[in-house]
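K.L.:
Sequence first, then the predicted structure:
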Amino acid sequence: MQIEDVPEDDLVREEFPGLAGQAIGSGQTRFEMMRDQQRKGQLGDYGPFVDQADWDLATWLMDSGASQTEIDKFLKLDVTRTHTCPSYAGKRELLRKIDALPSGPEWTCHTFVVHGDQLDYNGEKCTEELDIWCRDPVACVNELLANPLFREHMKFAPEKLFTDDSKEDQIINEMWTAQWWWDLQAQNAASGATIAPVILASDKTQLSRFSGNKEAWPVYISVGNIAKSVCRQTSKHAMILLGYIPVTKLECLSEATRKDRAYRLFHYCMSYILKPLIEAGKEGVLMTCADNLVRRVFPILATYLADYPEQCLVACHQENSCPICEIAPSDRGEPVLSPSRNPTRTLKALKTCRSSVPSPDIRRLCLRAVDKPFWEDLPHTNIFQCFTPDLLHQLHKGVFKDHLVKWCIQLAGAEEVDRRFQALPDHPGLRYFKKGISTISQWTGREHKEMERVFASLIYGAVPPRVTAVARAVIDFIYYASFASHSTETLRRLQDALDTFHQNKQVFIDHHIRTHFRIPKIHMMEHYVALICSKGSADGFNTELSERLHIDCAKEGYHASNKKNYTQQMIKYLTRHEAIDSFKSFVAWTTDHRTDTSTYSDSDSQMSDDISDSESDRPADIAIPLLSSHSTKWQLAKEPPYPPVSLQFLKDKHGAVDIVPALTTYLATKVPGSRVTPSNYDLVDVYAKISRFLLSPQRLTDETQKDSVRATPFRHERKQVIPQHFDTALVHDDLEAEDVGLKGESTCDPQYATKLTHTQGYRVAHHTLAYIEWFRQIGEPNEPLRMSLVSYATREGCHHAAIVPIHSILRSCHLTPKFGRQRNATWTVENVLDKCSDFFLNSHLSIYMFQMCDGDFVLEDNT
């Protein structure tokens, strides 16, 4: 039994054996105190606004992005004043009401002076005045822990999860299931302390779009007590802005001293911002939590989310070394175990960095001249163990795009790789690179992920086999590292993928592509297993979150400002919008109509929209059994998109040449006693697509995925040719099985992969039917690609066709052509499925397909 088959409620939980998260009283959250103010008449139902309509208009105006002039014009319209009758006549009055709303932790500004070594025109040393804008981190932690909207998604004590009573297979996902929290709690087991693992993130970002070179350096804060699925959604405000580090060129300093002073300036600013955590981490702070219980909370810095340059800045070492271990530069990129960096030893060396006789460890450990790092006095903090896997910069952008793709293109040739991308069969949800990839100038994380879905099978044949093995291993590593929940087995497979990479990477040196692998991002892969065991799955610490937060917490505020002294205006903008969002949540909480309290998934709101846009409403008369516990029912349009057509039409236009004998066979074998004899002139309803949502097993991802299978021929619309879409899918051939799955002994052994020619409305035994053409598997999964090779199944020299109920379709799949050394020049995205003879079943299509096809991780019947 695999972990994905074990409901979370059925996992074996081992509670922390000592006192942890102990309550010492009860209290009120901020929402409850605001409700009491309403009952006493001290706060209106909608704050300073008259009623819900007045409040809704105010929030709409604030979220619209309209300028003050535009809002004033709108509020002065006769229709607005006479019909809407808002309680505010202009934007200034509107802003005064917004400012009267209850707000979160207060902002403060700390001004300090940097004394330079350059002389001004008076012969005096130059100075520069800088501002640190920040909030109290302890107040921010209190704000997060007391939010009643997080109540059902919060933990105050560590625990361990196992798949069964033997406790041999441990499950690691949230931070409270990992080792760091458990070990730290054990040091304070007798006190009943409540640990709040503080999560920090910082990243410098560009504000100006085309000119001006304006930048901001936000610092964000969250806590590991809140489920990562909530933290990843910026709309939930589970990670909030803590402060802004001043961005300066330090022109008052000479170039010789500027760089070292910039390092020390960063640590001075962070020391000021985080100073309240020192006392709070030692003595604890009484906080009322979301469950109305008062606890003594110890906020401890647990993780720091940053890209590699900023990790080096935080750790006070140069960018040619590892921020976690003391590996020698010559060993970087090799599977070599090295001792972890020691904070005590590092601090001792840093104290001598500005003395006349610095410690030899300064050079040996590649340290920078920072004599007082901000983490020096933070209790229970080992800064070198605070760094977490960075899926975006280290894997997607780093190891994959910047290195693997570049090396493979050098071997295969850019033109050949582009031609292969252009000839790939399309798939719903898979990006089609119409011009290949060599012309893309601006890469984003989305392009990296789309390439990963096809790259390993695409380059097969164009590069040596060991290069294919490296590509497969790297992408396997990325997929395993992206799991939302890990077991002992998945972590072993994560390490196996890395070992396979090391075993085969010499091929790039043999072909003169590389001379070494001393690349920091490759070395960081060595730490992934240990970091996941220590802090939880990597998806909870992805720097994509801070990249997204920049939009809400920096860029929108900057563009709403007058671009002068913009930091203070950005803070004012953010404070107002935070107050609006918080009061929205309060209003929903008081009326008991909270949004998304069951799943906290943004995709839920998209599910109905996607279906309604593409396939209208669900039919009431189609009852299709669930394929498994991890998927929803196939959905069809309420009405067919086309008028009824004859079977002869399907033969001519859809290529369903054997539909009459296939339907005759189906009726004879599956509908005993049927007196229906199909003929070419029978009319049937034809559907263009079936869709459903794949509900993720616990360890894969916290997101849902829409799965569709299309069957549409070429058609002409307004002098434009719309290409055909005949998707491939996995089909279960045991039509009597209620819980449908796949069995396999190797990579994946699907009974057949199908080419769906059309889904038609012959209603037999309450099932909608599909006409398919079978594929068959050829031998064992290919080495070193480790993907099943399939080709069309034939019968008497023709494609083997059949009719199946649509509930036997498991999910869509993607077949990658076996290109060989060079792509056939006649293959295109439209005809490759017809012209190519052999295909690979692409196990990297999605994390769902990867889980199903990789090794022993397969869905089994009646599990």
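P.N.:
Looks like it arrived, so ask away. Numbering: from 1, shown residues only.

K.L.:
shaky segments in the chain?
P.N.:
1-9, 189-190, 211, 592-631, 695-703, 716-719, 721, 734-766, 854-863 (pLDDT under 70).

K.L.:
Nearest to the spatial middle of it, which residue is it?
P.N.:
With distances taken as Cα atoms, centre = their mean, D539 lies nearest the centre of the chain, 6.2 Å away.

K.L.:
Roughly how far does it sit from A481?
P.N.:
8 Å (Cβ to Cβ, to the nearest Å). All C-beta spots, glycine's among them, are computed from the backbone N, C-alpha and C.

K.L.:
any residues in contact with both of those two?
P.N.:
L391 (Cβ atoms under 8 Å, 6 or more residues apart in numbering).

K.L.:
what's the span of stretch 645-659, first residue to last?
P.N.:
Stretch 645-659 has an end-to-end distance of 13 Å (Cα to Cα, to the nearest Å).

K.L.:
from now on call the first residue 25
P.N.:
Sure, I'll start counting at 25 from here, so that last one is stretch 669-683.

K.L.:
Could you count how many residues lie near R739?
P.N.:
For R739, the neighbour count with other Cβ atoms under 10 Å is 11.

K.L.:
ok, now the one 5 residues further on?
P.N.:
Here the count is done by other Cβ under 10 Å, and Q744 has 7 residues near it.

K.L.:
What's opposite it in the beta bridge?
P.N.:
Taking DSSP bridges as the rule, Q744 bridges to E741.

K.L.:
quick one on the thing from earlier: ok, and the closest non-adjacent residue to the residue nearest to the centre of the chain?
P.N.:
A508 (5.2 Å; Cβ to Cβ, 6 or more residues apart in numbering).

K.L.:
surely the one you found meets I196?
P.N.:
No. Using Cβ atoms under 8 Å, A508 is not in contact with I196; the gap is 10.5 Å.

K.L.:
Mutual contacts of those two, please.
P.N.:
Joint contacts of A508 and I196 (Cβ under 8 Å, 6+ apart) are S561.

K.L.:
which secondary structure elements does the top helix by length along the chain contact?
P.N.:
For the chain, the helix with the greatest residue count under DSSP state H is helix 590-614. Counting by 3 or more Cβ pairs under 8 Å, 6 or more residues apart in numbering; DSSP states H and E, the packing neighbours recorded for helix 590-614 are helix 54-63, helix 76-87, helix 115-123, strand 131-143, strand 149-159, strand 264-268, helix 580-584.

K.L.:
Which of these sits closest to S380?
P.N.:
Across these, S380 has its closest neighbour in strand 131-143 (18.6 Å, Cβ to Cβ).

K.L.:
Can you give the strand pairings for that closest one, parallel or anti for each?
P.N.:
Strand 131-143 pairs in its sheet with strand 149-159 (antiparallel), by DSSP bridges.

K.L.:
follow-up on the earlier one: return the distance of the longest helix of the chain from the chain's centre.
P.N.:
25 Å (Cα atoms, centre = their mean, to the nearest Å).

K.L.:
tell me the angle of it relative to strand 149-159?
P.N.:
Helix 590-614 runs at 0 degrees relative to strand 149-159, counting by axes from the mean of the first three to the mean of the last three Cα atoms, to 10 degrees.

K.L.:
buried sites along helix 590-614?
P.N.:
Under the neighbour-count criterion of 16 or more other Cβ atoms under 10 Å, helix 590-614 has 590-591, 593-607, 609-611, 613 buried.

K.L.:
again, but for stretch 552-560
P.N.:
Buried residues in stretch 552-560 (16+ other Cβ under 10 Å): 552-553, 555-560.

K.L.:
which non-adjacent residue is nearest W851?
P.N.:
That would be A447: by Cβ to Cβ, 6+ apart, it lies 4.4 Å from W851.

K.L.:
what about L793, how many neighbours?
P.N.:
By other Cβ under 10 Å, 24 other residues sit near L793.

K.L.:
before we move on, what about A240?
P.N.:
22.

K.L.:
My guess is it contacts S232. True?
P.N.:
No. Look at A240 against S232 with Cβ under 8 Å: they stay out of range, at 10.3 Å.

K.L.:
any shared contact partners between those two?
P.N.:
Common neighbours of A240 and S232 (Cβ under 8 Å, 6+ apart) are Y582.

K.L.:
Provide a list of residues in contact with the nearest residue to E602 once chain neighbours are set aside.
P.N.:
Leaving aside its chain neighbours, E602 sits nearest to G128 (5.8 Å; criterion: Cβ to Cβ, 6+ apart). Under the criterion of Cβ under 8 Å, 6+ apart, the contact list for G128 reads 159, 163-164, 167, 264, 599, 602-603, 606.

K.L.:
rerun that using 7 Å as the cut-off
P.N.:
Residues counted as contacts of G128 (Cβ atoms under 7 Å, 6 or more residues apart in numbering) are 167, 602, 606.

K.L.:
go on, M475?
P.N.:
429, 461.

K.L.:
Would you tell me what the next helix or strand after the helix or strand harbouring it is?
P.N.:
M475 belongs to helix 469-476 when assigned by DSSP states H and E. Downstream of helix 469-476, the first helix or strand assigned by DSSP H and E is helix 479-482.

K.L.:
Just the angle for the helix or strand that that next one is followed by relative to helix 469-476, thanks.
P.N.:
Downstream of helix 479-482, the next assigned helix or strand under DSSP H and E is helix 489-505. Helix 489-505 and helix 469-476 are oriented at 130 degrees to each other (the same axes, to 10 degrees).

K.L.:
got the CA positions of helix 489-505 in CSV?
P.N.:
Output in CSV follows, covering the C-alpha atoms of helix 489-505 (Å, rounded to 0.1, in the frame of the first residue of the first chain):
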residue,chain,number,x,y,z
PRO,A,489,22.5,7.4,-23.9
ARG,A,490,24.4,8.5,-20.8
VAL,A,491,23.2,12.1,-21.5
THR,A,492,19.7,10.8,-21.6
ALA,A,493,20.3,9.1,-18.3
VAL,A,494,21.5,12.4,-16.8
ALA,A,495,18.5,14.3,-18.2
ARG,A,496,16.1,11.7,-16.8
ALA,A,497,17.8,11.8,-13.4
VAL,A,498,17.8,15.6,-13.1
ILE,A,499,14.1,15.8,-14.0
ASP,A,500,13.3,12.9,-11.7
PHE,A,501,15.1,14.8,-8.9
ILE,A,502,13.1,17.9,-9.6
TYR,A,503,9.8,16.0,-9.5
TYR,A,504,10.6,14.2,-6.3
ALA,A,505,11.8,17.4,-4.7
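
K.L.:
Now it: buried residues?
P.N.:
Under 16+ other Cβ under 10 Å, the buried positions of helix 489-505 are 490-505.

K.L.:
do stretch 46-64 as well
P.N.:
For stretch 46-64, by 16+ other Cβ under 10 Å, it's 47, 51, 53-56, 58-59.

K.L.:
Can you tell me which of those lies closest to Q729?
P.N.:
Taking the buried residues of stretch 46-64 together and measuring to Q729 by Cβ to Cβ, the closest member is F55, at 34.5 Å.

K.L.:
from memory that closest one sits against W613, does it?
P.N.:
Yes. With contact defined as Cβ atoms under 7 Å, F55 counts as touching W613 (5.5 Å).

K.L.:
any shared contact partners between these two?
P.N.:
Common neighbours of F55 and W613 (Cβ under 7 Å, 6+ apart) are P172.

K.L.:
can you pull up the bridge partners for I714?
P.N.:
Counting by DSSP bridges, the residues bridging with I714 are V733.

K.L.:
List the contacts of it.
P.N.:
With Cβ under 7 Å, 6+ apart, I714 has these contacts: 658-660, 732-733, 783, 830.

K.L.:
If we use 8 Å, what do you get?
P.N.:
658-660, 732-733, 783, 830, 833.
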